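*Asks:* Model the structure of this input:
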Amino acid sequence: MSIRVSEPFPSVSARSSMTCTESGSMIIRPGMGAVCEERLRNSLPDGLRYVLVFDDDSLPDGWDSFMKVNVSSQQEVIFYYALLGDSCQLVVSPRYARQRGRKLEPLYGLNRAALRLQLETCDSDTLAGLLARIPLDLEGAISSSLAVYDDDLPAGHLDPKLVHKKDPRNVLLSLPWIEGRMAYFNLLDSTGEFRFDHDSDHLQGMLVLEAMRQAGIAVTHLTGRLPESGTMALRRYCTDFVSYIEKNAPVIIRAYSSYAHAEGVDEQESYAVCQVFQWGKLCAQARLNAVVFSDIEKYVDKRIRTERVLSRGRRQYLAKLDGIKSQGGEENG
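*Replies:* Model (predicted):
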């Protein structure tokens, strides 16, 4: 596997890593290399919630209190490092460390810039698969402003500008909770934009689709730093519904955007992945691909050019219809 590394953080030598493998578990984090568990266990970073574990490995004693995320390759470890930041770290059992400790050394010197570059190579379908393995962080959600219990009230409405709405009543997202590269929202189940012709005992699919669309826009602004003047054109929306979403109980949406604002770049291909949870269970997931414009004027310019192309197509279509009509008239005559 090729791993791009630039200006690496200090890492441990092969000899010191072997000392770790012989004495106990290894904890591998960017910027720290491989560190013996006994040297780090009492000084774990604040906000650590997830531990990464290889599929053919198991957690050592004492790590079961953290949320486990299974990984199948070093590449997936890198993606999770970039996605979850300091809230995760790879833990390797003594057995695994003895057998494969040296093969993990390419992970030791990774820095934040290298991780970001690696995450940019991850497509929306792969990223959605990675997110699906991450348990909902209930401990973090409880300490946030999100509604978690059935009798909790959601926080106030998100700023309409962040979901490209003018009327606050049409916003379906609460104020956010940000964790790493991901944003979390409560789904608000009322909007003046939709009218359904019958009552339902669960949230209607169209409402959930619109909420995830809004979440994809909002996270692009919040974590991708898209300016308020920016906008986007949706090119693909692929959704999987896993379970019914009941009314009168809090719903949490987790969203990730691949977008990263760059000065001087007017137009970028980007995607968002949104997941809907109720009672900690994944109920729906969507992948949304879009063209992101750093300024709405760039979008308007694009629309003008697109309309010219469409106008030509329309003229050609009408001319073809007229030809067919005239030919039919001649045959009838």
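*Asks:* residue contacts, V292?
*Replies:* Going by C-beta atoms under 8 Å, 6 or more residues apart in numbering, V292 touches 220, 224, 226, 230-232, 259, 267-270. Every residue, glycine included, has its C-beta placed from N, CA and C.
*Asks:* how does it look with 7 Å?
*Replies:* 220, 226, 230, 232, 259, 268, 270 (C-beta atoms under 7 Å, 6 or more residues apart in numbering).
*Asks:* Give me the secondary structure label for the nearest residue to the fifth one once chain neighbours are set aside.
*Replies:* What sits nearest to Y259 in space, not counting adjacent residues and going by C-beta to C-beta, 6 or more residues apart in numbering, is G224, at 3.5 Å. Classification of G224 into helix, strand or coil gives coil, according to DSSP: H, G, I helix; E, B strand; the rest coil.
*Asks:* Pull up the gap between G224 and E267, please.
*Replies:* 14 Å (C-beta to C-beta, to the nearest Å).
*Asks:* Turn the contacts of V292 into TSV, including neighbour count.
*Replies:* Formatted as TSV, the contacts of V292 follow (neighbours: other C-beta atoms under 10 Å):
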residue	neighbour count
T220	29
L226	25
G230	22
M232	23
Y259	23
Q268	18
S270	21
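*Asks:* Now intersect these with the strands, please.
*Replies:* The strands, defined by DSSP state E, take in 232, 268, 270 from the contacts of V292.
*Asks:* Next one: the first one relative to G264, how far apart?
*Replies:* Meaning M232. 18 Å.
*Asks:* same check, this time on the last one
*Replies:* Taking C-beta to C-beta as the criterion, S270 is separated from G264 by 16 Å.
*Asks:* For the residue nearest the centre of the chain, identify the helix or strand it belongs to.
*Replies:* Nearest to the geometric centre of the chain sits Y256, at 2.2 Å (C-alpha atoms, centre = their mean). For Y256, the enclosing helix or strand under DSSP states H and E is strand 251-257.
*Asks:* quick one on the thing from earlier: can you pull up the bridge partners for the residue nearest to the centre of the chain?
*Replies:* M182, V273 (DSSP bridges).
*Asks:* Is it in contact with S270, as I believe?
*Replies:* No. Y256 is beyond contact range of S270, at 11.0 Å (criterion: C-beta atoms under 7 Å).
*Asks:* Contact partners for the closest residue to A211 other than its chain neighbours?
*Replies:* The shortest distance from A211 to any non-neighbouring residue, by C-beta to C-beta, 6+ apart, is to L172 (4.2 Å). By C-beta under 7 Å, 6+ apart, the contact set of L172 is 187-188, 191, 210-211, 214.
*Asks:* one more time with 10 Å
*Replies:* With contact set as C-beta atoms under 10 Å, 6 or more residues apart in numbering, L172 has these partners: 157-158, 163, 165, 185-191, 193-194, 207-208, 210-215, 253.
*Asks:* What segments of the stretch 51-200 of the chain are strands?
*Replies:* 67-71, 88-92, 177-179, 182-186 (DSSP state E, counting those that start in this stretch).
*Asks:* distance between the shortest one and the chain's centre?
*Replies:* Read that as strand 177-179. 12 Å (C-alpha atoms, centre = their mean, to the nearest Å).
*Asks:* Stretch 117-136 now?
*Replies:* The answer for stretch 117-136 is 7 Å, by C-alpha atoms, centre = their mean.
*Asks:* first to last residue in it, what's the distance?
*Replies:* 26 Å (C-alpha to C-alpha, to the nearest Å).
*Asks:* per-residue confidence for T121?
*Replies:* pLDDT, T121: 87.
*Asks:* in the stretch 151-300 of the chain, which segments are predicted with low confidence?
*Replies:* Within the stretch 151-300 of the chain, the segments meeting pLDDT under 70 span 190-202.
*Asks:* quick one: the residue nearest to Y259 and H261 touch, right?
*Replies:* Yes. The criterion here is C-beta atoms under 10 Å, and G224 meets it with H261 at 5.9 Å.
*Asks:* ok, what's across the strand from L173?
*Replies:* The partner residues for L173, given DSSP bridges, come to L187.
*Asks:* Quick one: neighbours of it, just the number.
*Replies:* When neighbours are counted by other C-beta atoms under 10 Å, L173 registers 27.
*Asks:* same question, the one 10 residues further on
*Replies:* Per other C-beta under 10 Å, the neighbour tally for A183 reads 26.
*Asks:* go on, I142?
*Replies:* What I142 shows, counting by other C-beta under 10 Å, is a neighbour count of 11.
*Asks:* And it, what's its pLDDT?
*Replies:* 93.
*Asks:* What distance do you get for it to I252?
*Replies:* 11 Å.
*Asks:* possible to save the contacts of V292 as JSON lines with distance to L127?
*Replies:* Formatted as JSON lines, these follow (distance: C-beta to C-beta, whole Å):
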{"residue": "T220", "distance to L127": "14"}
{"residue": "L226", "distance to L127": "18"}
{"residue": "G230", "distance to L127": "21"}
{"residue": "M232", "distance to L127": "18"}
{"residue": "Y259", "distance to L127": "13"}
{"residue": "Q268", "distance to L127": "16"}
{"residue": "S270", "distance to L127": "12"}
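*Asks:* R315: which of those residues is nearest?
*Replies:* M232 (29.2 Å; C-beta to C-beta).
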